[in-house]
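Engineer: here are the coordinates; sequence isn't available:
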């Protein structure tokens, strides 16, 4: 959907020419989010702004859906590209509805159509249209204004969106909420998005691909997983940080690591039965008790099963936590550390037990990607990084 071909920007300054973006070549497939990442002054924002011609390229080309945009009218080009910035840029003298409808009105939409579109988008960004559409930007919080900025960019249903640190000015709690809501929207909308960020965690969470810039040059362009497992050089490795293996916890879902081998008992089973099943799974010191719907309702410890007689229903502990198949390993690790446990039951969307996840399985899964990279580097004669 977006292709950059030798895209270059040179600024003339009193001290001479400064190359802000240096022969950048990259492609962003349709429906994906590409994060432009790097330190301040590395060329990521300049590259982004050349796509909608806020900054005019010195040389090179931008293709959108296979079409060279060089000869397109600038206004026409921008009306077909959604644009969201950190400062939001809402018009203070317009209501929220009027702000959202700016581009549709320029495109000649009738009033009924753009009003319906405004209400639809308010629902999408989880703001009540009846409560907010007639307000002015000054009556909204910063986080609410940022959501309106996203809605405005989506108003005319553009195939491409450009986002320049759109959530950077929002406090961490609201930023995480808006990020999550935006990703849910993206699952449905499938926009092609280029997104400038300086936050590595945001890049890993939001991006299908990450482009790392340094001194105007595109240094590495990879999926988040490949970027963390195989940084191209010492700069990328240093920029990602020493905890890059832990950052991969955000990328892996429970369903990728879950084991369906899990011992369970029912409330009417004896403690002797519980002990036998604990022994069958020798690396655990407890066993999960489930109800008739196979939902987790308690734990029977080895110590209790060994020293006590009776039924499981009378001698269980509470289940400290359970995780869903779509949770990421960061959540799993946090729960394990908080509860001082080495395994957790996994449940489906109906709360039924479908397996378990262990610290050992997580460690093996994370390490396997790095070992594969080292093996690949050895096979090609390269020096593996990290």
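Structural biologist: Here it is on my side, so go on. Since we're looking at a predicted model, the values are computed, not measured. Numbering: from 1, shown residues only.
Engineer: Can you show me the strands along the stretch 1-150 of the chain?
Structural biologist: Secondary structure of the stretch 1-150 of the chain (DSSP state E, counting those that start in this stretch): strands at 2-13, 16-28, 33-37, 59-64, 67-68, 81-85.
Engineer: Between strand 59-64 and the longest one, find me the angle.
Structural biologist: To tie it back to what came earlier, the one meant is strand 16-28. Direction vectors for strand 16-28 and strand 59-64, defined by axes from the mean of the first three to the mean of the last three C-alpha atoms, to 10 degrees, enclose an angle of 30 degrees.
Engineer: residue contacts, residue 317?
Structural biologist: Counting by C-beta atoms under 8 Å, 6 or more residues apart in numbering, residue 317 touches 286, 298-301. Heads up, the C-betas are built off the backbone N, CA and C, glycines and all.
Engineer: now what about stretch 65-72, what contacts it?
Structural biologist: For stretch 65-72, the external contacting residues (C-beta under 8 Å, 6+ apart) are 1, 3, 30, 53, 61-63, 77, 159.
Engineer: which stretches of the stretch 1-150 of the chain form helices?
Structural biologist: With DSSP state H, counting those that start in this stretch, the ranges of helices along the stretch 1-150 of the chain come out as 44-51, 74-79, 96-100, 102-106, 111-124, 129-132, 142-154.
Engineer: One more: the stretch 251-386 of the chain?
Structural biologist: Using DSSP H, counting those that start in this stretch, helices in the stretch 251-386 of the chain cover 271-280, 302-307, 329-339, 359-380.
Engineer: Can I get those in TSV including mean neighbour count and distance to residue 23?
Structural biologist: Putting the helices of the stretch 251-386 of the chain into TSV (neighbours: other C-beta atoms under 10 Å; distance: least, C-beta to C-beta, whole Å) gives the following:
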stretch	mean neighbour count	distance to residue 23
helix 271-280	18	62
helix 302-307	15	64
helix 329-339	16	37
helix 359-380	14	26
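Engineer: thinking again about what came up before, just the contacts of stretch 65-72 now: which is nearest residue 23?
Structural biologist: Minimum separation from residue 23 among the contacts of stretch 65-72 (C-beta to C-beta) is found for residue 61, which lies at 11.6 Å.
Engineer: Can you report how many residues lie near the closest one?
Structural biologist: Counted with other C-beta atoms under 10 Å, the neighbours of residue 61 add up to 13.
Engineer: Was I right to think it contacts residue 2?
Structural biologist: No - using C-beta atoms under 8 Å, residue 61 makes no contact with residue 2, being 11.5 Å away.
Engineer: okay, and for this protein, where does confidence drop off?
Structural biologist: 87-88, 169, 282-283, 369-370, 372-386 (pLDDT under 70).
Engineer: can you list the domains in it?
Structural biologist: Using automatic domain parsing, the domains assigned to the chain come out as 2-252, 255-363.
Engineer: can you tell which of those is closest to residue 371?
Structural biologist: Set against residue 371 and scored by C-beta to C-beta, these come closest in domain 2-252, at 9.6 Å.
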